[in-house]
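Visitor: Predicted model and sequence below, questions to follow.
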Number of protein chains: 2
Amino acid sequence: MKVKLAKNYGFCFGVKRAIEIAEQQKNSATMGPLIHNQKEISRLKNNFNVDLYENISDVKKNDTVIIRTHGITKDDLQTLKKHDAKVINATCPFVTTPQQIVKNMSKENYSVIIFGDAQHPEVKGVKSYGEDVHVVKSIDELKDLDLKYDKIATVAQTTKQKDQYSEIVNALMIRYKEVRVFNTICDATFENQAAAQELSKEVDIMIVIGGKNSSNTKQLFYICEANTTTYHIEDEKELEKSWFKDKKLCGITAGASTPDWIIKNVSKAIENI
Amino acid sequence: MKVKLAKNYGFCFGVKRAIEIAEQQKNSATMGPLIHNQKEISRLKNNFNVDLYENISDVKKNDTVIIRTHGITKDDLQTLKKHDAKVINATCPFVTTPQQIVKNMSKENYSVIIFGDAQHPEVKGVKSYGEDVHVVKSIDELKDLDLKYDKIATVAQTTKQKDQYSEIVNALMIRYKEVRVFNTICDATFENQAAAQELSKEVDIMIVIGGKNSSNTKQLFYICEANTTTYHIEDEKELEKSWFKDKKLCGITAGASTPDWIIKNVSKAIENI
């Protein structure tokens, strides 16, 4: 069976980078799970002895601690340093950028608005870098804001949708004399979707790999299903020979938390059918 | 006949201010017509000997020259100073603001986009204050732009509509990492319309005063006509007694180029009916 991978699939740049960093830090620990995929966390533990700390209080003196892609708050970073831990920063550069923007805009006396989920670790981290920083999840929350300055700077959580960010900006620009809009949205999720859309139109069958509960994987499944016969699996063990009967070309894509080695296993198994 | 004026009508703040400045400068000249109302220009000439220059080459040494609300280009200002003219700046503060923004943003290496009409004197003036400054009239013109920098600052011509400005900003914010949006739109026109809307709902008859060709006056007429019997006149000579038969309260509004003294004449004439 012939196999073709989508142009973009699986891990984004930031996650790939974080895993490479973790592989180079044997006997270290990540602060929180590095990725929402238990198989990958087990692999890092088994092959590289990369442990998992759930709380900062777990950190011991001289530990090597890896900060995950979402980043952490400024205070937590200070605490880690006080523990005399060796800090390895795997924060995604696309998250470091809004952290620095919030820091600089605060220094220049802008009130900062983050479009995102206040409870998300990325947003908590970004927020911690400034003084008068507010998080809004929707346009309705703007009316409750008590801003210190009349100049506004905005950033967005990297995984937010652009059209919703535009709505927030539109509402702000008619109320304030200056709105400094930083486009901090990352295209990775949308690139995977666009590539799945494209590939599913040229193949006889699509295999979408990812957690059964992963919302971005399900989204990929729905996109492909509209164009061709599509199956959603977590690994190669779920493949069934009968699916491929009379098919010539099989397309493969994967959710954002699916490691490359699982994708390779699936790909090889299909080639051998 | 009882008369009630709209909460906002006639000249905006900038035009009122420019006329007061001109009245204080006897024997001066304005660079271009101070206002699109021939009667007011004649009054300034007759009562204060304020002349009208159409071209900078008309200016003679030691002339006192008034810059009108729209402002002029940086080069024209230099030329005036070279002529040893005494320059009186009646540029509306709401126009000086975008001029200064363009100047500062250019210094900080932003490409500047003005949402406005390239041929309008206000826009020509604002544009002249920066280096990499581009004028767009609509969202379609954005694709043809060749910008020097990847950081963008935007200003709008003061009389533009906010929802159209939002469209431009939305298109820019998905293309560029930073868009610095300055809300330089002036509410004066919209305030006159809102006040006309309100007043026309509570009176038996509305009189709208302004040039028969003035588009903003016609707009006021259409708004009022939807709510009550409405007449559009240029001055008190056009009033007809029969209009006011059985009416109790007459509302008055006026276009943005209608001087207060014409409005007062109309108001008095109606009170005497």
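Guide: Cool, got the structure.
Visitor: Please give me every residue in contact with the closest residue in space to residue A:132 that isn't next to it in sequence.
Guide: In this structure, residue A:132 finds its nearest non-sequential neighbour in residue A:148, 4.2 Å apart by C-beta to C-beta, 6 or more residues apart in numbering or on different chains. C-beta here means a position set from N, CA and C on the backbone, and glycine is covered the same way. The contact partners of residue A:148, by C-beta atoms under 8 Å, 6 or more residues apart in numbering or on different chains, come to A:111, A:131, A:132.
Visitor: Tell me the most packed of the residues you listed, by neighbour count.
Guide: The residue in those with the most neighbours, by other C-beta atoms under 10 Å in any protein chain shown, is residue A:111 (22 neighbours).
Visitor: partner residues bridging it?
Guide: Counting by DSSP bridges, residue A:111 forms beta bridges with residue A:152.
Visitor: That one against residue A:132, yeah?
Guide: Yes: between residue A:111 and residue A:132 a contact is recorded at 4.7 Å, counting by C-beta atoms under 8 Å.
Visitor: Tell me which residues touch residue A:160, please.
Guide: Contacts for residue A:160 (C-beta under 8 Å, 6+ apart) come out as A:115, A:116, A:185.
Visitor: what does chain A put close to chain B?
Guide: Applying C-beta under 8 Å from any C-beta of the partner chain, we find that chain A lies next to chain B at A:162, A:165-166, A:169-170, A:173-174, A:176-183.
Visitor: where does residue A:144 land on pLDDT?
Guide: Residue A:144 carries a pLDDT value of 89.
Visitor: and the gap between it and chain B?
Guide: Remark: distance between residue A:144 and chain B (C-beta to the nearest C-beta, to the nearest Å) = 21 Å.
Visitor: circling back: for the residue nearest to residue A:132, what is the enclosing helix or strand?
Guide: Residue A:148 belongs to no helix or strand when assigned by DSSP states H and E.
Visitor: Quick check, residue A:249 in contact with residue A:199.
Guide: No: using C-beta under 8 Å as the test, residue A:249 is too far from residue A:199 to be in contact (9.7 Å).
Visitor: domain assignment for chain A?
Guide: Chain A breaks down by automatic domain parsing into domains covering A:2-9+A:187-272, A:13-91, A:94-181.
Visitor: where exactly do the strands run in the stretch 151-273 of chain A?
Guide: All strands of the stretch 151-273 of chain A, identified by DSSP state E, counting those that start in this stretch, fall at A:151-156, A:178-182, A:205-209, A:229-233, A:249-254.
Visitor: I'd like to know which of those strands is closest to residue B:59.
Guide: strand A:178-182 (36.3 Å; C-beta to C-beta).
Visitor: so what strands line up beside the closest one?
Guide: strand A:151-156 (parallel), strand B:178-182 (antiparallel).
Visitor: Of the ones you listed, flag the one that's most buried.
Guide: Per residue and on average, the most neighbours among the strands paired with strand A:178-182 fall to strand A:151-156, with a mean of 25 (mean count of other C-beta atoms under 10 Å in any protein chain shown).
Visitor: And the residue nearest to residue A:169 when sequence neighbours are not counted, how far from residue A:188?
Guide: Excluding its sequence neighbours, the residue lying closest to residue A:169 (C-beta to C-beta, 6+ apart) is residue A:181, at 5.3 Å. Distance from residue A:181 to residue A:188, counting by C-beta to C-beta, to the nearest Å: 21 Å.
Visitor: If you count neighbours, what's buried in stretch A:22-42?
Guide: Of all the residues in stretch A:22-42, those buried under the rule 16 or more other C-beta atoms under 10 Å in any protein chain shown are A:22, A:25, A:28, A:29, A:30, A:31, A:34, A:35, A:37, A:40, A:41.
Visitor: list the contacts for the spatially closest residue to residue A:48 that is not a sequence neighbour?
Guide: Spatial nearest neighbour of residue A:48, excluding adjacent residues (C-beta to C-beta, 6+ apart): residue A:26 at 5.1 Å. Counting by C-beta under 8 Å, 6+ apart, residue A:26 makes contact with A:48, A:49, A:50.
Visitor: quick one: residue A:183 and residue B:179 touch, right?
Guide: Yes: counting by C-beta under 8 Å, residue A:183 touches residue B:179, with 7.4 Å between them.
Visitor: and for those two, which residues touch both?
Guide: Residues touching both residue A:183 and residue B:179 (C-beta under 8 Å, 6+ apart): residue B:173.
Visitor: Residue A:195: how many residues sit nearby?
Guide: Per other C-beta under 10 Å, the neighbour tally for residue A:195 reads 19.
Visitor: what about it, distance to chain B?
Guide: Taking C-beta to the nearest C-beta, one finds residue A:195 at 19 Å from chain B.
Visitor: export the contacts of residue A:160 to CSV and tack on neighbour count and pLDDT?
Guide: Listed next are the contacts of residue A:160 as CSV, based on neighbours: other C-beta atoms under 10 Å in any protein chain shown; pLDDT from 0 to 100:
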residue, neighbour count, pLDDT
A:115, 25, 96
A:116, 24, 94
A:185, 23, 92
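Visitor: Considering those residues, which is situated nearest to residue B:152?
Guide: residue A:185 (16.2 Å).
Visitor: circling back: just put the strands of the stretch 151-273 of chain A in CSV and tack on mean pLDDT.
Guide: Formatted as CSV, the strands of the stretch 151-273 of chain A follow (pLDDT from 0 to 100):
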stretch, mean pLDDT
strand A:151-156, 97
strand A:178-182, 97
strand A:205-209, 97
strand A:229-233, 97
strand A:249-254, 97
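Visitor: can you put those in a markdown table and add distance to residue A:59?
Guide: Shown next, in a markdown table, are those (distance: least, C-beta to C-beta, whole Å):
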| stretch | distance to residue A:59 |
| --- | --- |
| strand A:151-156 | 29 |
| strand A:178-182 | 32 |
| strand A:205-209 | 34 |
| strand A:229-233 | 37 |
| strand A:249-254 | 33 |
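Visitor: how about the strands of the stretch 1-150 of chain A, start to end?
Guide: A:2-5, A:29-31, A:51-53, A:64-67, A:86-89, A:111-115, A:133-136.
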